[in-house]
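Engineer: Task: produce atomic coordinates for the following.
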Amino acid sequence: MKKIMIMRLKMPPAINQFNMTIDKNQAATLLRLLKKYTPETNEAKKNRLMEQAQAKKDGQESKSKKPQVIKYGLNHVTTLIEQKAAKLV
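Structural biologist: Next up, the predicted model:
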């Protein structure tokens, strides 16, 4: 009965997207990809900034760049979209 009701009722696409989930293999692949873009730890950031400051003090160019990370959180992503800074949502 429920299956027939779901087939007959029209569901908006924004809600219908949650009826289709990824399998375990795809989830593992996705999590491996996301792990590469985790935010840096406070200790790693401190070390990177100290190296930049030391290089600037010595008159050299700093080689370390700020790592790319995945932005997450509803408010943060919404703000990025409003500022037109989001590349992929």
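
Engineer: which secondary structure element contains residue 10?
Structural biologist: Mapping residue 10 onto the secondary structure by DSSP states H and E places it in no helix or strand at all.

Engineer: Pull the number of nearby residues for it.
Structural biologist: Neighbour count for residue 10, taken as other C-beta atoms under 10 Å: 6. Quick note: C-beta positions are derived from backbone N, CA and C, even for glycine.

Engineer: Which pLDDT does the model give it?
Structural biologist: Predicted confidence (pLDDT) at residue 10: the value is 79.

Engineer: Please tell me how far it sits from residue 4.
Structural biologist: 14 Å (C-beta to C-beta, to the nearest Å).

Engineer: what's the next secondary structure element after the helix or strand where residue 28 lies?
Structural biologist: In this assignment (DSSP H and E), residue 28 forms part of helix 24-36. Proceeding N to C from helix 24-36, the next assigned helix or strand is helix 42-57, under DSSP H and E.

Engineer: residues contacting the residue positioned nearest the centre of the chain?
Structural biologist: The residue at the geometric middle of the chain, judged as the C-alpha nearest the mean C-alpha position with C-alpha atoms, centre = their mean, is residue 70 (2.6 Å). With contacts defined as C-beta atoms under 8 Å, 6 or more residues apart in numbering, residue 70 is in contact with 34, 37-38.

Engineer: Alright, that wraps it up for me.
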